[in-house]
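Enquirer: The amino acid sequence is not available; the structure is as follows:
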C-alpha cells in the first residue's frame, strides 16, 4: 500500500480530500462560536464572555485566548451531562437518531465545494487532473442542495420523536422553511448556472476567475441567494424554528447534553457551509481579484485566474502574507491598548492580566515577523511549467503552495461572510411567521424568477 | 380613554425594507468597531477586579462611631431602633462608667437580612454614633447568623479609609485628629 501511495501522490491526495475538507471546515466551528458571542457583545457595547481561562504554571497568568476557552468548558460540560431520553418520547430510536442527521448531512457538504483549483499532473504519457474538491461532480451544486435539504428530516424526526408540542411545532416550521426557501435559493443561483453554463461548482469558480466575480454579473442573485441562505440555515431574521416567546427552544426543546450540542454544531456548520457556498458562487471562490487588473506586461489588463496565480505564486503569497502581518500588527496594537486601559483602571489583578496581554502582543508580533520573513523569502519565486500534451504541468512545490493559498483565500471569504451572518443576527429583529412566508413566496421567489428571466435574455443576446 | 399611538407612516423607500436594513447594519457595525478599537468605550466593569466608585453618601453597611478612647459614641438611647421600620436593631444597655454619660450599649446588633437600608437610624441618632458611609455595598455570608452584625464588627473600621476632613472619623484611634481628641477627652471637654 505504501508503495502505491509513493507512486501515486496525487491520487492519494484526491482520496484524502474527501474526509479532509469537511474536517478542516469543522475546525472553524469554535472560531464561529467565539465570533458569535464576542460579535454580539461588541455590537451591544460590552466585552462579552472573557473570564474562562487556563492557568499557565510558571508564567503567572491565565490564558483566556479571547474567549476560546469557553468552547472547551462548554464541550466538557455538555459531554459529561446525563444522557437523557424522555420517558414520554414517541420513539426512542428516532429521538436518538434525529440530531445526527443534520450534522452528518452537513458534514458531507464541504466536500462539494472547490477549495483549490484543479491541479494537472503527469500520469503515464498524458496529463491527469486532481480536482480541488472532495467530490468532483458535474451536478455538484444539485447534490449539495440535496444533502442540505436532508437535514430538515433530522429536525422533523427528532422533534416528532420528542413528543412535545413545542418541539413538533418547531420541526414543522423547519420543514415549512425548507420548502419555501429551497425554491428561492435554487432560482437565485440559476442565474449563475445560465451565465457559466454549468452546474459544476469547480467550473463556476473557474469562470469567475477568468471573467469577473458572480456578484458583479448577478448582484440581485447574490442578494436573494444570501437572504434565502439565511433562511435555510435558520438564522435571524428567519429563526422561527426556535423562539423563546412562542415555542420555547423549538425543535430541540427536549434535547440536552451531547444531543443538544449535535443540534447546535449542525446549525453552525450549515451556516459555515452556506457562507462557503455564497463565496464560491458569487465571491469568486478561491480567486483573489473581483475584476481583471492591469498587472500584465506593459500594464495590460489580465484576469487573475488560476494560471496567473501559478505563474506569480511567490509574489501573490508574499502580498497576502504582508496583509496578514499588517493585520497581526493591528491586533497587537489593539491588545496593547486594552492592556494599558486595564492596568490604568487600577483593577486588583492588573499585574496578572498585564502579563497575559503582553503575551498576546508578543504572539501577534512574532506572527507578523514570521509572515514578513516568509513574504521576503517568497517574493518573486515561481517555477516554469512543463508542457505535456498541450497542458501546463507545474511542479509539486508550486501546486502545494497554490493549493494552500487558494484554500486560505476561500476560508477568509467564508469567515467574512460568517461575520455577516452574526452581524445581521444582532441587527435585525426576527420576522413573524406569516411575514416570512410572504417574503419567501411573494417577494424572493418572484424576484428570483425575474432575475432568471432577465439573465436568460441577456445571455441569449450577448452570446 | 385608551390612548391611541399612531403607527409611524412609512414611505415607499422604507417599506422596501432593504435600505433600512443597511442603515441598521451601519449602526451596529459602528458600535462593534468602537468596541473593538476602544476599550474605554464599554460602560461595563470587570467586577470584582474592577469596582464601581461608590459615593460616600451611599447608604451601605453600618458602622458605629468611636470616641478617642475607642469606646462607642452610642449612649444606648434606643432612638435608632425606635426609628427603624424593619426592627432590625437590637440594643442591650448597661450603665456607663463615665459620670457624664448615663448608658452605653452592652450589645448592639443589626440584622442585615432584615435591614432595608433606609438610613432612618442615622437620621435618628442624636450623637452621630451610627453611620452608613462604609461604601460596603456587597455583604456576603454563609449563614443567617453571619448576617447579624455585632457591636465589635460595627466598631471594626479604620480611620485611614475615611477622608481627612471627616472630623468625627479622624478622632477615633489611628486617626489624624486622635491625639488632640484624646487630650480633650481627658481634660473633660471632649464630649
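Expert: Received it, and whenever you're ready, just let me know what you need. Treat the numbers as computed from the prediction; the structure is a model and nothing was measured. Numbers count the residues shown, from 1 in each chain, chains lettered A, B, ... in the order given.

Enquirer: Please report the distance of the residue nearest to residue A:439 when sequence neighbours are not counted from residue A:177.
Expert: With sequence-adjacent residues excluded and distances taken as C-beta to C-beta, 6 or more residues apart in numbering or on different chains, residue A:439 is closest to residue A:431, at 6.8 Å. All C-beta spots, glycine's among them, are computed from the backbone N, C-alpha and C. According to C-beta to C-beta, to the nearest Å, residue A:431 and residue A:177 sit 11 Å apart.

Enquirer: what's the answer for residue B:161, then?
Expert: With C-beta to C-beta as the criterion, residue B:161 and residue A:177 are 61 Å apart.

Enquirer: Name the SS class of the nearest residue to residue A:248 once chain neighbours are set aside, please.
Expert: By the measure of C-beta to C-beta, 6+ apart, the closest residue to residue A:248 outside its immediate chain neighbours is residue A:166, 4.5 Å from it. Using DSSP: H, G, I helix; E, B strand; the rest coil, the secondary structure recorded for residue A:166 is helix.

Enquirer: and residue A:166, how many residues sit next to it?
Expert: The number of residues packed around residue A:166, counting by other C-beta atoms under 10 Å in any protein chain shown, is 20.

Enquirer: Mind jotting down where the strands sit in chain B?
Expert: The residue ranges that make up the strands of chain B, judged by DSSP state E, are B:63-64, B:89-95, B:103-111, B:130-131, B:148-149.

Enquirer: Which positions in chain B make contact with chain A?
Expert: Residues of chain B found near chain A, taking C-beta under 8 Å from any C-beta of the partner chain as the criterion, are B:18, B:21, B:24-25, B:27-29, B:31-32, B:34-44, B:46, B:48-50.

Enquirer: Buried subset of these, written for ChimeraX?
Expert: Restricted to the buried members of the residues of chain B next to chain A, where burial is judged by 16 or more other C-beta atoms under 10 Å in any protein chain shown, the ChimeraX selection command reads as follows:
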select /B:25,28,31,32,35,39,42,46
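
Enquirer: Out of the residues of chain B next to chain A, list just those in helices.
Expert: Among the residues of chain B next to chain A, the residues falling in helices (DSSP state H) are B:18, B:21, B:24-25, B:27-29, B:31-32, B:34-37.

Enquirer: how about JSON lines for the residues you listed, with pLDDT added?
Expert: Converted to JSON lines, those look like this (pLDDT from 0 to 100):
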{"residue": "B:18", "pLDDT": "81"}
{"residue": "B:21", "pLDDT": "87"}
{"residue": "B:24", "pLDDT": "91"}
{"residue": "B:25", "pLDDT": "92"}
{"residue": "B:27", "pLDDT": "93"}
{"residue": "B:28", "pLDDT": "94"}
{"residue": "B:29", "pLDDT": "93"}
{"residue": "B:31", "pLDDT": "93"}
{"residue": "B:32", "pLDDT": "92"}
{"residue": "B:34", "pLDDT": "92"}
{"residue": "B:35", "pLDDT": "91"}
{"residue": "B:36", "pLDDT": "90"}
{"residue": "B:37", "pLDDT": "89"}
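
Enquirer: what about residue A:431 and residue A:177, which has more around it?
Expert: A direct count of neighbours by other C-beta under 10 Å for residue A:431 and residue A:177 places residue A:177 higher, at 24 against 18.

Enquirer: Pull the contacting residues for that one.
Expert: A:231-232, A:234, A:238, A:240-241, A:436, A:440 (C-beta atoms under 8 Å, 6 or more residues apart in numbering or on different chains).

Enquirer: Let me know the closest of these to residue A:378.
Expert: Nearest to residue A:378, judged by C-beta to C-beta, of these is residue A:232 at 39.5 Å.

Enquirer: Identify the contacts common to residue A:431 and residue A:177.
Expert: Where contact means C-beta under 8 Å, 6+ apart, the residues bridging residue A:431 and residue A:177 through contact with each are A:238, A:240.

Enquirer: next one: the helix or strand of chain A with the lowest mean pLDDT to chain centre, how far?
Expert: In chain A, no helix or strand scores lower on mean pLDDT, DSSP states H and E than helix A:244-247, which sits at a mean of 75. Centroid displacement of helix A:244-247 relative to its chain, using C-alpha atoms, centre = their mean, to the nearest Å, is 29 Å.

Enquirer: right, and the helix or strand after it?
Expert: Reading on from helix A:244-247 to the C-terminus, the next helix or strand found by DSSP states H and E is helix A:257-282.

Enquirer: List the buried residues of whichever helix or strand comes after that following helix.
Expert: The element immediately downstream of helix A:257-282 (helix or strand, assigned by DSSP H and E) is helix A:306-311. Burial within helix A:306-311, assessed by neighbour count using 16+ other C-beta under 10 Å, is assigned to A:306-311.

Enquirer: now the helices for the stretch 351-463 of chain A?
Expert: For the stretch 351-463 of chain A, the helices defined by DSSP state H, counting those that start in this stretch occupy A:396-425, A:433-438, A:445-462.

Enquirer: Nearest to chain B, out of those helices?
Expert: helix A:396-425 (6.4 Å; C-beta to the nearest C-beta).

Enquirer: Sort out which residues of the closest one are buried, please.
Expert: Residues of helix A:396-425 classed as buried: A:398-399, A:401-403, A:405-411, A:413-415, A:417-419, A:421-425 (neighbour count, 16+ other C-beta under 10 Å).

Enquirer: How about the residues of the stretch 201-350 of chain A by chain B?
Expert: Within the stretch 201-350 of chain A, the positions lying close to chain B (C-beta under 8 Å from any C-beta) are A:223, A:334, A:337-338, A:341-342, A:345-350.

Enquirer: close enough to count as contact, residue A:182 and residue A:150?
Expert: No: no contact is recorded between residue A:182 and residue A:150 when judged using C-beta atoms under 8 Å, the distance being 11.6 Å.

Enquirer: on that earlier part again, generate TSV for the helices of the stretch 351-463 of chain A, with distance to residue A:125 and mean pLDDT as supplementary columns.
Expert: Converted to TSV, the helices of the stretch 351-463 of chain A look like this (distance: least, C-beta to C-beta, whole Å; pLDDT from 0 to 100):
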stretch	distance to residue A:125	mean pLDDT
helix A:396-425	19	91
helix A:433-438	58	85
helix A:445-462	39	90
